Every structure is written in C-alpha cells, then in structure tokens.
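Novice: what would the 3D arrangement of this be:
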Amino acid sequence: LAESLRLSGGESRCDGRVEILLHGIWSRVLDDDWDIKDAHVVCRQLECGIAKKAYYLPRSERGTGVVGLRSVQCAGNETQLMLCQTSHSPTVPSGV
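Specialist: Below is the predicted model:
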C-alpha cells in the first residue's frame, strides 16, 4: 500500500491536521483518542522532529472530506503511521 502523509491548515509544514494519501485521494485521519504518541509518529515520518503537542480538534473544526483512517493507536516508536494499529475507512463520507 503506497501512502503519503501531510499536515494541512497549520502555520508550517510541521503543523496542522493529519491527512493521508490512500488510493490517490487525500483523506482525513479521524481519531477521538489522538494522543502524543500518535503525533510523535507523524512528526518522525515527516522529519519534523519530536512532537510538542497533540491537538484534539472539536468536531466542527476537523475539516471535511473522505475519512481515510480511524482509531489510530501508536506505541510511539513506529516509523510510519501505517505501522500503527488503525481502522481503514476510505469510503466514510464527510461529517460522519
């Protein structure tokens, strides 16, 4: 599975909402339990150093579009987000 990762809507390339490219579509990562361990893995993968904080956005600020991943659970030492335990849900519509 080819995958890419980016942060969007932030003040720099190392800040923002996590999005993942799955099957040619940039998709949101939606996780009510997002924590600093998950953020560490994203920062490591994007070569952004160590995560300073893990943001938890209210549902109204999570963006719109396809949800690519749900329920991400990282140990914190993974080199890529896709190595963490996740639920793939590339067909979930916006707002769900």
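
Novice: in the chain, which segments are predicted with low confidence?
Specialist: 1-3, 57-63, 88-96 (pLDDT under 70).

Novice: and the strands in it, which stretches?
Specialist: 4-9, 16-22, 25-30, 67-73, 85-92 (DSSP state E).

Novice: elements contacting the fourth one?
Specialist: Read it as strand 67-73. Contacts defined by 3 or more Cβ pairs under 8 Å, 6 or more residues apart in numbering; DSSP states H and E place strand 67-73 against strand 16-22, strand 25-30, strand 85-92. No exception for glycine: its C-beta is placed from N, CA and C like everyone else's.

Novice: between the ones you listed, which one is closest to residue 37.
Specialist: Among those, strand 85-92 comes nearest to residue 37, with 11.4 Å by Cβ to Cβ.

Novice: for residue 14, which non-adjacent residue is closest in space?
Specialist: Residue nearest to residue 14 in three dimensions, not counting chain neighbours: residue 48, with 3.6 Å by Cβ to Cβ, 6 or more residues apart in numbering.
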